[in-house]
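Colleague: model this:
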Amino acid sequence: MEKKVKHTIIAAVLIVVAVTLYMLPLLLNLDNGITLWQKNRVSIWYQNCLDSFFYYDTIAGDHGWPFWGYCFEGGILVLSIPDEIVFHPLSPLILAVGAVKGMNLVYYIMYIFGGLSMFYLTSRVLKYDWAGSVYSSLVFVLCGFFPLLQVYGFGNARETILIPLLTAFYLRSVYSNAFILPAALILSLFCIQSALYFPIVVLFLFILALVTMFYKDTRLRVRHRNLRVFFIILALALGFSAFKLLPILEFLAIDNGSRGGAYPDSIASASSFPFLLECLVKPVNSGTGTMYIGYLPLLAGIVSGIVLWKRLWRWLFILLIFIGLSFGPHAGIDLHRILWHLPIFNAIDELAKYYSLIVIFIICLLAGRVFPIIRRYLPGKPGYAVGGTLMVISVVNLLTVNSAYFNEYKTKIPERKNGEQRFVQAGLINYHSGDDGAMSLLALSLYRENIGILNQDYDRYTPQINNNNIVPRYYLIPRFVFLAPSTKLICLPNPAYQGESSFLRPENKAELIRVTADSLAVRVTMTGKDRLVINQNYSRWWRSSAGKLENYKGRLSVRLDSVGSRIVSLDFRPGNFYLGGAISLFTLFFSVYFLYRPGKPPHIGRGENAVMV
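Modeller: Take a look at the predicted model:
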């Protein structure tokens, strides 16, 4: 076996072992969820858990497909949720082992992929030595950025750990057409799963394409292919994601825009140099963007940036750009204000959380460059001793400090749902939505009892029902404005409630006998023409076995003419999903043919062994 292959296998084993030790508290408690207390009160982890349960129950229990979220806000198109797990490549794990176990295992596997992708980038593309590649990989995958967002329930941050793999595929695609398709597929995963992290990653790739266009041969030259490849990858990624993008665009059109906020709200969580330093070296939660790596890796990155600035100037430039973006108005030039006028960027309201992804990624990249510097100034055994000590102390420190995040998994969550109770909906009133964690836990608990909440609002004080279209069966009033897992609810029946299905004329009777994520069934008994009203939000993608579908005051309804008793079935068939799926398949076949067709030269430019950056 070649020495290079042996070193790669050893590095992969080290990364897997480190991640396993790192996440051991979670792996020993795969059935558990996080325990809510004052420090993580704003976590929406249980909302991710609810999404996972809904996915599992729909496919494994109802044998349907999770198109329509009948238990969310009176009914929503699940495909319009940016970070839903339905189309995640690892979602079959949820079906195999259960909702909670599967969701936790998805995180574990993503951490392993993240560490291995960082090793691939540094060793195979950027040509680090073995020690530097391992060090960058371990510091990256063990840093505090990812577990903090995991515990706080930001499911859209799950795929961000693959940013090294996307970077590696892009850099190699500049010299080889064979890597364009893998790069586009990874970017499409960001597009369909990572919500507001997607524009951040696209911005990073765009700046990387610009700074790598220039290289010095006998004179300064410009490689235009870098920018062309970037736009090709972006176009292919959007094409691959069309099955998800078209439903999202329809939702945004109904919602009158991209939910962008005011600029003062956008910069409320802007970072600063003291705050950034605190995030990097203090293990306590100093904000949503906490990304603890400790003093040694930070010092290693600073030394590398200073000593090797001529070689690393591109990474240093990108690092400064994203630090400036995270600072917002605290920087000399408010770069974020410029981007805020663009679509999607105006929805970013936590600068430290989003822009810090690229900051921590590049710091970890720079840290691995310190090992050749150590050996230059300390040749022989002293250099190896110092390098080995640096790696051991850094890794042990990260394992000790950041693995504490996984100690939050202490609450046992049963896998079974109460399937005996008929589905109804309730409205929660007089609560403060700053208790996001307790709100999401309450939503999961009620879902387990087959009760949907109409007003899961996370943004403001909610004195009344937000969704005026749907009539709740109950009004739920917590005994305290701030929710807590132990808060008792006062349950008040709603006298205006006529059932989850009803007719306008009281002599006609209707009973909702089946409700799933892609179908409804109503048993009706009619003495004359009438309108059947179903207590779900209207969507034009429903199809009925009888009568004509109409929008009745925002609710789904069917005009029925014939008398007698029968069962009316409604199936949900989202045409925008099918159209988007056709576009995605066409894009895939088109790209495979043109990139891998016989006779197409696989390599362009100076070849795959060229120094990328």
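Colleague: any idea how far residue 428 is from the residue sitting furthest away from the middle of the chain?
Modeller: Distance from the C-alpha centroid of the chain, by Cα atoms, centre = their mean, peaks at residue 527 (50.7 Å). Per Cβ to Cβ, to the nearest Å, residue 527 is found 38 Å from residue 428. C-beta coordinates here come from the backbone N, C-alpha and C atoms, glycine included.
Colleague: go ahead and confirm the residue farthest from the centre of the chain touches residue 503.
Modeller: No. In terms of Cβ atoms under 8 Å, residue 527 does not count as a neighbour of residue 503; the distance is 9.9 Å.
Colleague: grab the nearest non-local neighbour of residue 592.
Modeller: residue 181 (6.9 Å; Cβ to Cβ, 6 or more residues apart in numbering).
Colleague: equivalent analysis for residue 410, please.
Modeller: residue 35 (4.3 Å).
Colleague: got the contact list for the one you found?
Modeller: 408-411 (Cβ atoms under 8 Å, 6 or more residues apart in numbering).
Colleague: again, but for residue 123
Modeller: 8, 11, 130, 133.
Colleague: who wins on neighbours among the residues you listed?
Modeller: residue 133 (24 neighbours; other Cβ atoms under 10 Å).
Colleague: okay, the most centrally placed residue in the chain: pLDDT?
Modeller: The chain has residue 156 as the residue nearest its centroid, 1.4 Å off, counting by Cα atoms, centre = their mean. The score at residue 156 is 79. That number is its pLDDT.
Colleague: now do it against residue 110, distance only.
Modeller: For residue 156, the distance to residue 110 - Cβ to Cβ - is 13 Å.
Colleague: what does residue 204 give?
Modeller: 19 Å.
Colleague: please apply the same query to residue 265.
Modeller: 31 Å.
Colleague: of those two, who's got more company?
Modeller: It is residue 110, of residue 265 and residue 110, that has more neighbours when counted by other Cβ under 10 Å, with 22 against 10.
Colleague: pull the distance from whichever strand or helix holds that one to the chain's centre.
Modeller: Per DSSP states H and E, residue 110 falls inside helix 99-120. With Cα atoms, centre = their mean, to the nearest Å as the basis, helix 99-120 stands 13 Å off its chain's centre.
Colleague: which other helices and strands does the host helix or strand of residue 280 contact?
Modeller: Using DSSP H and E, residue 280 maps to helix 273-281. The criterion is 3 or more Cβ pairs under 8 Å, 6 or more residues apart in numbering; DSSP states H and E, and the helices and strands that helix 273-281 contacts are helix 295-307, helix 309-327, helix 351-367.
Colleague: and it, what's its mean pLDDT?
Modeller: On average, helix 273-281 scores 87.
Colleague: now do it against helix 351-367, angle only.
Modeller: Between the axes of helix 273-281 and helix 351-367, defined by axes from the mean of the first three to the mean of the last three Cα atoms, to 10 degrees, the angle is 60 degrees.
Colleague: now helix 273-281: buried residues?
Modeller: Neighbour counts over helix 273-281 (16 or more other Cβ atoms under 10 Å) mark 275-276, 278-281 as buried.
Colleague: ok, stretch 566-580 next?
Modeller: 568, 570-572, 574, 576-577, 580.
Colleague: could you work out the most separated pair of the residues you listed?
Modeller: Maximum pairwise distance among these (Cβ to Cβ): 28.9 Å, between 568 and 580.
Colleague: so who does residue 576 touch?
Modeller: So residue 576 contacts 246-247, 250, 541 (Cβ under 8 Å, 6+ apart).
Colleague: rewinding a little: can you report how many residues neighbour the nearest residue to the residue farthest from the centre of the chain once chain neighbours are set aside?
Modeller: Excluding its sequence neighbours, the residue lying closest to residue 527 (Cβ to Cβ, 6+ apart) is residue 507, at 5.4 Å. A count of neighbours around residue 507, defined by other Cβ under 10 Å, yields 10.
Colleague: remind me which residues of the stretch 501-613 of the chain are low pLDDT?
Modeller: 599-613 (pLDDT under 70).
Colleague: residue 291 versus the residue nearest to residue 404 when sequence neighbours are not counted, what's the distance?
Modeller: Excluding its sequence neighbours, the residue lying closest to residue 404 (Cβ to Cβ, 6+ apart) is residue 283, at 7.7 Å. From residue 283 over to residue 291 the distance is 11 Å, taken as Cβ to Cβ.
Colleague: of these two, which one has the most company?
Modeller: residue 291 (25 against 16).
Colleague: wait, that one sits on residue 144?
Modeller: Yes. Look at residue 291 against residue 144 with Cβ under 8 Å: they come within range, at 5.4 Å.
Colleague: if I pick the residue nearest to the centre of the chain, what's in contact with it?
Modeller: 82-83, 193-197.
Colleague: determine which two of those residues are furthest apart.
Modeller: Most distant of the contacts of residue 156, by Cβ to Cβ, are 193 and 196, 11.6 Å apart.
Colleague: out of these two, which sits in the busier spot?
Modeller: residue 193 (24 against 19).
Colleague: enumerate every residue touching that one.
Modeller: 82-83, 87-88, 156, 158-159.
Colleague: can you tell me how far it is from residue 455?
Modeller: On the measure of Cβ to Cβ, residue 193 and residue 455 end up 26 Å apart.
Colleague: show the pLDDT at residue 184.
Modeller: 96.
Colleague: right, and it touches residue 231 too?
Modeller: No. Judged on Cβ under 8 Å, residue 184 makes no contact with residue 231 at a distance of 11.1 Å.
Colleague: more crowded one of these two?
Modeller: Neighbour comparison, residue 184 and residue 231: the larger count goes to residue 184, with 29 against 11 (by other Cβ under 10 Å).
Colleague: relative to helix 99-120, how tilted is the host helix or strand of that one?
Modeller: Here residue 184, judged by DSSP H and E, is contained in helix 180-193. Angle, helix 180-193 to helix 99-120, by the same axes, to 10 degrees: 140 degrees.
Colleague: in the stretch 51-200 of the chain, which spans are helices?
Modeller: 92-97, 99-120, 130-142, 145-151, 163-173, 180-193, 197-211 (DSSP state H, counting those that start in this stretch).
Colleague: closest to residue 302 out of these?
Modeller: Per Cβ to Cβ, nearest to residue 302 of these: helix 130-142, 13.6 Å.
Colleague: any idea of the angle the closest one forms with helix 163-173?
Modeller: 130 degrees.
Colleague: tabulate the CA atom coordinates of helix 130-142 in PDB.
Modeller: C-alpha atoms of helix 130-142 as PDB (Å, rounded to 0.1, in the frame of the first residue of the first chain):
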ATOM      1  CA  TRP A 130      -0.500  15.600   6.400                       C
ATOM      2  CA  ALA A 131      -0.200  17.200   9.800                       C
ATOM      3  CA  GLY A 132      -1.700  20.500   8.600                       C
ATOM      4  CA  SER A 133      -4.600  18.700   6.800                       C
ATOM      5  CA  VAL A 134      -5.500  16.700   9.900                       C
ATOM      6  CA  TYR A 135      -5.200  19.700  12.200                       C
ATOM      7  CA  SER A 136      -7.400  22.000  10.000                       C
ATOM      8  CA  SER A 137      -9.900  19.100   9.700                       C
ATOM      9  CA  LEU A 138     -10.100  18.400  13.400                       C
ATOM     10  CA  VAL A 139     -10.300  22.100  14.500                       C
ATOM     11  CA  PHE A 140     -13.000  22.700  11.900                       C
ATOM     12  CA  VAL A 141     -15.200  19.700  12.800                       C
ATOM     13  CA  LEU A 142     -14.700  20.100  16.600                       C
END
